[in-house]
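> this is a predicted model, with the sequence first.
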Amino acid sequence: IWIMKRQREEVSDSGARISDIADDEAEEKNLISSSTKKAKRSCPYLDTVDRQVLDFDFEKVCSVSLSPINVYACLVCGKFYQGRARTSHAMTHSLETDHRVFMNLSNGRCYCLPDDYEIDDSALDDVKRYLEPQLTKDDIASLDKNVISYRALDNKQYLCGLVGLNNVNRHDHLNVVIQSLAHLSSFRDFWLDKNNYFTAAGKPITELVGRFGALIRRLWNPHNYRNHISPQELILEVSRRSEKKFRVGLHGDPLDFLSWLLNTLHRDLLSGTSVTQELEQQKEQQQQQTKKKKKIDQSSVTQNFQGRLKIVSEKEVRERAAVASAESDSEEGNDEKRKAPKASMADKMDVEKKIVTTVTETPFFFLSLDLPSVVLIKDELQRNVLQQRSIFELLTKFDGKTKTFVPTTRENRTHVIVQLPRYLIVHFRRFTKNQWFAEKNKTIVNFPLKYLDLKDFVELPPGATSSRYNLVTNIRHDGDLENGTYSLHVFHKAINKWYNVQDLTIDETEAEPIAISEAYIQVFERNE
């Protein structure tokens, strides 16, 4: 140990100490493959592990080199360091601070440094479950049935799934979207099983898919050390993929983030083949006895959120037709025509107006409803009262009869739903922005919490899927346009109660405040 410290000081003084990742990885492989390094079932330093300082929510990079390769967590102080070789940052940290127990953040294997042997002790199983939550199919199936209260390290109780998200710097518009998607049963169950989006090599299809799935699993992890987690790891990847359109410190619109996230996840899931997809293809090949792979054009996103809309467009088209001349084509007539004064172009052309009708079908992820202009109403005491509108009144836009004028294309359109999704996302246009001003429409929308029937707005064949929906999540906006915040109401199926979620704060609430809230985005689940 003294020699190694002396060598590090000499290298540091000469300024020639450069981290070489390739050499570090090669040395680690030699260490792992060495027959002299055998796994031990016990370690005398396990009592130094401090679970209070462990936090695996942040991006897993070395705190010295900022490299994401071969990162280990010190289970004594909670910091992340790279490598396990003799000149690695983890080994240096162990020698300088006498911290012995380290965990590989990619596979959960624990080692004792600088002795460099693997620890295989059941005392660290809870740390491994906290690092990488694993839920069986039975656990996933019972999430909406069993009510189990868990206790964190600080002795605070929490319900599985009702975990707060840290708000680092005004990214509550991102938190409400993540919380909303995490409480949609069918969509949530897909992300709780890693085989649905991990390849056979044990890696996620894309980094965004892997981090989103990891955050969903942590939200529903029954072995959390705290009753709140941080979405920083996912938000950093979202910032990279969106070219900093959605980043920490920039307050935005949750609808923009929801639309971008669903479309990006859909493209990423179609770009690779997961373990579950490979198994399904193998079964189909065995049944059909063919080697042709079935083309996959559906993902969990489209299966849960995509519906179809029929749009009938009517546009007025003006056509000009030449008027046939009644004069003869004789030479005399032609001579007279030459002598006569020339007629104007308007006399020779006749304008005809035609209505051109086109019918198209387009997929959608959400329905946008227009709110009427704000009108203040006086009550009995001459106080201003905001107007209220029923959601059925706003949905008449999709009854197939009401015409909507589109200024950009100068055409009238009628809309009707021809295919209902499993989860219907409804968006209320509350914000009006242009180059001169921005304002918020505070109209209250009345809506039922259960059995929202869309039979008058859908063209479905007899015996088709149900047209009734139940409200699951309700994202609302509180305050003015510039300094307002986003929060949401969440329905917990297991206990049949509503909860108010705002970043780290989670409180039980009644159904009455939900109906009078300034709803912005609502997610309804189809009642099967």
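That came through, no problem.
> secondary structure element for the closest residue to residue 517 other than its chain neighbours?
Nearest non-adjacent residue to residue 517, counting by Cβ to Cβ, 6 or more residues apart in numbering: residue 476, 4.5 Å away. Just so you know, the C-beta spots here come from the backbone N, C-alpha and C atoms, and that holds for glycine as well. Applying DSSP states H and E as the criterion places residue 476 in strand 468-478.
> what's the very next helix or strand once past that strand in contact with?
Next helix or strand after strand 468-478 toward the C-terminus (DSSP H and E): strand 485-492. Here strand 485-492 makes contact (Cβ atoms under 8 Å, 6 or more residues apart in numbering) with 159, 161-162, 172-173, 175-176, 179-180, 183, 254, 470-479, 497-503, 509, 514, 517, 520.
> report the angle between the helix or strand that strand 485-492 is followed by and strand 485-492.
Once the chain leaves strand 485-492, the next helix or strand it forms, by DSSP H and E, is strand 497-502. Inter-element angle recorded for strand 497-502 and strand 485-492: 160 degrees (by axes from the mean of the first three to the mean of the last three Cα atoms, to 10 degrees).
> ok, back up a step: is the residue nearest to residue 517 in contact with residue 518, as I believe?
Yes - the criterion here is Cβ atoms under 8 Å, and residue 476 meets it with residue 518 at 5.2 Å.
> so if I had to pick from the two, which one is more boxed in?
For residue 476 versus residue 518, neighbours defined as other Cβ atoms under 10 Å are more numerous around residue 476 (23 against 18).
> residue contacts, that one?
486, 487, 488, 489, 517, 518, 519, 520.
> can you list those in CSV and add pLDDT and distance to residue 315?
Below are the contacts of residue 476 laid out as CSV (pLDDT from 0 to 100; distance: Cβ to Cβ, whole Å):
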residue, pLDDT, distance to residue 315
486, 93, 38
487, 93, 43
488, 93, 40
489, 94, 42
517, 88, 39
518, 89, 36
519, 92, 34
520, 94, 33
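> what is the nearest of those to residue 127?
Ranked by distance to residue 127 (Cβ to Cβ), the contacts of residue 476 are led by residue 488 at 31.6 Å.
> returning to what we had before: and the residue nearest to residue 517, bridged to which residues?
residue 487, residue 519 (DSSP bridges).
> pLDDT at it, what is it?
We have a pLDDT of 93 for residue 476.
> quickly note the distance from residue 83 to residue 64.
10 Å (Cβ to Cβ, to the nearest Å).
> of these two, which one has the most company?
Taking neighbours as other Cβ under 10 Å, residue 83 and residue 64 compare with residue 83 leading, 25 against 16.
> which strands or helices does the lengthiest helix in the chain pack on?
Scanning the chain for the helix with the most residues, using DSSP state H, yields helix 254-271. Packed against helix 254-271 by the contact rule (3 or more Cβ pairs under 8 Å, 6 or more residues apart in numbering; DSSP states H and E) you find helix 172-182, helix 207-219, helix 232-241, helix 300-305, strand 366-370, strand 519-526.
> please save the CA atoms from the second one in PDB.
Output in PDB follows, covering the C-alpha atoms of helix 207-219 (Å, rounded to 0.1, in the frame of the first residue of the first chain):
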ATOM      1  CA  GLU A 207     -30.600   4.800 -23.800                       C
ATOM      2  CA  LEU A 208     -33.900   6.800 -23.600                       C
ATOM      3  CA  VAL A 209     -35.900   3.600 -23.500                       C
ATOM      4  CA  GLY A 210     -33.700   2.100 -20.800                       C
ATOM      5  CA  ARG A 211     -33.800   5.200 -18.600                       C
ATOM      6  CA  PHE A 212     -37.500   5.600 -18.900                       C
ATOM      7  CA  GLY A 213     -38.100   2.000 -18.000                       C
ATOM      8  CA  ALA A 214     -35.700   2.300 -15.000                       C
ATOM      9  CA  LEU A 215     -37.600   5.300 -13.700                       C
ATOM     10  CA  ILE A 216     -41.000   3.500 -14.000                       C
ATOM     11  CA  ARG A 217     -39.600   0.400 -12.100                       C
ATOM     12  CA  ARG A 218     -38.300   2.700  -9.300                       C
ATOM     13  CA  LEU A 219     -41.600   4.400  -9.000                       C
END
